[in-house]
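Participant: Model the structure of this input:
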Amino acid sequence: MARVRMRGNPLTAAAIALTIAAACVAGWGGWSRYEAAHDDSAAYAQARDDVLAAGEQAVQNMNTLDHAELEEGLDSWEDSTTGDLHSQLVDGRDAFVEQIEAAKTVSTAKILSGAVTELDDRAGKAAVMVALRVTVTASEGKPAVKESRMLGQLTRTSTGWKLSALGQAPVGSTAG
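Facilitator: Here you go, the predicted model:
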């Protein structure tokens, strides 16, 4: 059996091997980063986060109103909505102003938790459930605190996600 003798410096061979290994690791890292950046699940997760943030803020806006800053509060309601809900708010604004000015109430909402219950990113439709604590203070009397759950439907608009429907979530079980 013939023996092959290697000529050359063993340090050069090690340097070449390390260079090849480093190039492979760099290539694998670059490919992994490219895949992560173009992964649909990352874009879907971002859309879900955007829906939740917009939904929670809109529900908070819709449950916060101060009779002393009524115009700003109602503007916030309108800015948070779209579609039929927005139309209802605009159409009923004058009557609502009269009611709130007569009652002289202040309501403040605090979001306790929220979740996206549906998301169709392609259609631009989503739904959220939000738990919140609303404190209502009349001009005379103690504040009344109520915790509730709201269900909101959101629609993506050119300016972001907005509420297109809002209602109270059912409490308890209707099963017999």
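
Participant: The helix or strand bottoming out on mean pLDDT in the chain: what's the following helix or strand?
Facilitator: Using mean pLDDT, DSSP states H and E, helix 10-37 stands out as the lowest-scoring helix or strand of the chain, at a mean of 85. Where DSSP states H and E defines the elements, the next helix or strand beyond helix 10-37 is helix 40-62.

Participant: Which pLDDT value goes with Lys146?
Facilitator: With respect to pLDDT, Lys146 scores 95.

Participant: Let me know the average pLDDT across stretch 68-77.
Facilitator: Stretch 68-77 comes out with an average pLDDT of 94.

Participant: for that stretch, which positions count as buried?
Facilitator: For stretch 68-77, a neighbour-count test (16 or more other C-beta atoms under 10 Å) marks Gly73, Leu74, Ser76, Trp77 as buried. Just so you know, the C-beta spots here come from the backbone N, C-alpha and C atoms, and that holds for glycine as well.

Participant: Any stretches of this protein with poor pLDDT?
Facilitator: 1-7, 38-39, 173-176 (pLDDT under 70).

Participant: Report the spatially nearest residue to the residue positioned nearest the centre of the chain, omitting neighbours in sequence.
Facilitator: Centroid-nearest residue in the chain: Leu52, 2.2 Å away (criterion: C-alpha atoms, centre = their mean). Leaving out its chain neighbours, the residue that sits closest to Leu52 by C-beta to C-beta, 6 or more residues apart in numbering is Val116, at 5.2 Å.

Participant: In three-state terms, label Pro170 for me.
Facilitator: At Pro170 the chain is in coil, as set by DSSP: H, G, I helix; E, B strand; the rest coil.

Participant: Near it, how many residues? Count them for me, please.
Facilitator: 9 (other C-beta atoms under 10 Å).
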